[in-house]
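**Student:** Just to be clear, the model below is a prediction. Sequence and coordinates:
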Amino acid sequence: MIKFFKAVIIGAPASGKGTISSRIINYFDVKHVSSGDILRSNMSMNTDLGLKVKQYVNKGHLVPDELMISLISNELGLLKNNNWILDGFPRTKEQAEELFTKEPIYVALNLIVPFEIIVERVKGRWIHERSGRVYNTEYSPPKVTGKDDVTGEDLIQRPDDQPEAVMKRLEIYSESINPILDFYRKKGILKDFRGKTSNEIWPLVYNFLKNYMTPKAEFNQQIN
Ligand code: AMP
């Protein structure tokens, strides 16, 4: 067993990265570090950093590497004696290289879901705009069709969840992620997990992580 497990998790939009990450933290003693969450919390608290990054995040542009690298290095510095998985970082090859010189990443977990499946899945996605709660008519439907479980308010579909828009986002993702995947492949630490759903991918990830860490809870592969 290694001392501390440090990894990045990579996956296309709507590939189930959030679901897999939340299962990882439920079953293993691992901290989930999300670059997007850190940026959003700084923005909502109007910190110096929050004010600096707002202009990029609000337009959907990448925050400059220099800012991102110092932010993530600080965050990971606080987690020296912890296991962690980093989500949303790296977004550029420069970020991947810098991270690798600063932190001993053991593995890059790469979730691969066929793009046509993602497009189908996103078609069924409905969100509650105010809270950000996400439903899927097929996998996790609301109790009442079209209504949020907690508030009973209407659910909406996002314009960028339309099939053409999703395909475009996926193409942009492939172009930007390829240099990062190449980087980790050359280092010999890229680990691919393929499947159509998170339920298919999760047991593969779980069994892989067991090589590095003792689970907090045993995952019953028969039931799930
Ligand atoms: P996310 O929640 O990961 O989709 O991130 C939301 C937004 O935060 C992105 O659209 C970017 O503006 C910014 N962001 C998050 N992570 C990074 C990163 N590693 N590099 C640059 N910008 C980032």
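**Tutor:** Structure received.
**Student:** Give the closest residue to residue 30 in space, chain neighbours not counted.
**Tutor:** Nearest residue to residue 30, sequence neighbours excluded (C-beta to C-beta, 6 or more residues apart in numbering): residue 83, at 4.3 Å. Quick note: C-beta positions are derived from backbone N, CA and C, even for glycine.
**Student:** ok, which residues in the protein are in contact with the ligand?
**Tutor:** Contacts of the chain with the ligand, taken as C-beta under 6 Å from any ligand atom, map to 35-36, 39, 56-57, 60-63, 68, 88-91, 95.
**Student:** repeat that with 8 Å
**Tutor:** Proximity of the chain to the ligand (C-beta under 8 Å from any ligand atom) is limited to residues 13, 34-37, 39-40, 53, 56-57, 59-65, 68, 72, 87-92, 95.
**Student:** Quickly note the distance from residue 204 to the ligand.
**Tutor:** The spacing between residue 204 and the ligand, counted by C-beta to the nearest ligand atom, to the nearest Å, is 23 Å.
**Student:** so who does that residue touch?
**Tutor:** By C-beta atoms under 8 Å, 6 or more residues apart in numbering, the residues touching residue 204 are 193, 195.
**Student:** Give the pairing partners of the helix or strand where residue 192 lies; include direction for each.
**Tutor:** Residue 192 belongs to strand 190-194 when assigned by DSSP states H and E. According to DSSP bridges, strand 190-194 forms sheet pairs with strand 107-112 (parallel).
**Student:** Could you tell me the single residue of this structure that sits nearest to the ligand?
**Tutor:** Closest approach of the chain to the ligand (C-beta to the nearest ligand atom) occurs at residue 36, with a separation of 2.1 Å.
**Student:** Give the closest residue to that residue in space, chain neighbours not counted.
**Tutor:** residue 88 (4.7 Å).
**Student:** That neighbour contacts residue 32, correct?
**Tutor:** No: here residue 88 lies out of contact with residue 32, judged by C-beta atoms under 8 Å, at a distance of 10.3 Å.
**Student:** Which one's more surrounded, these two?
**Tutor:** Applying other C-beta atoms under 10 Å to residue 88 and residue 32 shows that residue 88 carries more neighbours, namely 18 against 15.
**Student:** pLDDT wise, what is that one at?
**Tutor:** In this model, residue 88 is scored at 94, pLDDT.
**Student:** show me what contacts it?
**Tutor:** Residue 88 neighbours (C-beta under 8 Å, 6+ apart): 34, 35, 36, 37.
**Student:** And residue 5, by the same measure?
**Tutor:** Contacts of residue 5 by C-beta under 8 Å, 6+ apart are 28, 30, 83, 84, 106, 209, 212, 213.
**Student:** Including pLDDT, neighbour count and secondary structure, could these go into TSV?
**Tutor:** Below are those laid out as TSV (pLDDT from 0 to 100; neighbours: other C-beta atoms under 10 Å; DSSP: H, G, I helix; E, B strand; the rest coil):
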residue	pLDDT	neighbour count	secondary structure
28	97	20	coil
30	97	22	coil
83	96	21	coil
84	97	20	strand
106	94	16	coil
209	96	23	helix
212	92	17	coil
213	93	17	coil
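**Student:** neighbouring contacts of the longest helix seen in the chain?
**Tutor:** Longest among the helix segments of the chain by residue count, using DSSP state H, is helix 163-187. The contact list for helix 163-187 (C-beta under 8 Å, 6+ apart) reads 8, 10, 12-14, 90-93, 96-97, 100, 108, 110, 115, 118-119, 122-123, 159-160, 190.
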